[in-house]
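Visitor: give me the fold of what follows.
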Amino acid sequence: MKALPAVILLTTISLSACTGRLPFQPPLAAFQAWQKPGASSLDTKKALLECGMPHPHTASLPPNDVRTSNQQAETENCLLAAGYTRTEQSPRWCALQPDLPACQPGVEPLAPSVERRLGSHYCLARLDMAYCRQTVSNPSACTEGPVDPECLP
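Guide: The predicted structure follows:
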């Protein structure tokens with residue numbers, strides 16, 4: 001019975017070797033979970049927002065991401081069509097839920113949109129202090145300062 005914790009620990013470490021990451025690590029930031037040859041982290045942050053991701057830093061899982069499964073599939077398809085790949089192996093939305101409208105044969109993926117990026121809540125809250133104070137849960141967090149480069153035109 002005393003060997004059970006050691007067996008559990010060894011199993012956890014062994015399984016984590018399959019993912020290429022150390023065990024018990026926080027999830028990657030959204031912009032770290034996608035890569036494209038020649039793309040900088042700024043390029044990736046912009047692409048995430050242009051494809052409909054609500055925030056380039058937080059994981060795209062509830063409660064951080066309140067989009068529908070179809071919207072998440074649209075974002076993923078947009079990024080894939082733009083030449084991005086996931087840094088970690090994980091099932092695609094369309095593999096998990098093939099009946100989603102975004103996953104149907106012949107459906108064109110969303111095209112990245114600068115307007116979508118600049119009009120995102122993420123960028124609006126960083127560019128417009130009045131908007132920030134009206135929409136965030138902690139208005140005192142809204143401060144004037146340098147604008148995140150991914151929110152510049």
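Visitor: give me the distance between the most centrally placed residue in the chain and residue 138.
Guide: With distances taken as CA atoms, centre = their mean, residue 30 lies nearest the centre of the chain, 3.5 Å away. For residue 30, the distance to residue 138 (CB to CB, to the nearest Å) stands at 21 Å. C-beta coordinates here come from the backbone N, C-alpha and C atoms, glycine included.
Visitor: low-confidence stretches in this protein?
Guide: Flagging of the chain using pLDDT under 70 yields the residue ranges 1-22, 59-65.
Visitor: show me where it has helices.
Guide: In the chain, the helices defined using DSSP state H lie at 4-17, 41-50, 69-81, 93-96, 114-118, 121-127, 129-135.
Visitor: mind putting these in JSON lines, mean neighbour count included?
Guide: Below are the helices of the chain laid out as JSON lines (neighbours: other CB atoms under 10 Å):
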{"stretch": "helix 4-17", "mean neighbour count": "10"}
{"stretch": "helix 41-50", "mean neighbour count": "21"}
{"stretch": "helix 69-81", "mean neighbour count": "20"}
{"stretch": "helix 93-96", "mean neighbour count": "15"}
{"stretch": "helix 114-118", "mean neighbour count": "16"}
{"stretch": "helix 121-127", "mean neighbour count": "17"}
{"stretch": "helix 129-135", "mean neighbour count": "13"}
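Visitor: can I get those helices in TSV with distance to residue 106?
Guide: Shown next, in TSV, are those (distance: least, CB to CB, whole Å):
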stretch	distance to residue 106
helix 4-17	38
helix 41-50	23
helix 69-81	12
helix 93-96	13
helix 114-118	23
helix 121-127	31
helix 129-135	37
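Visitor: nothing else from me, thank you.
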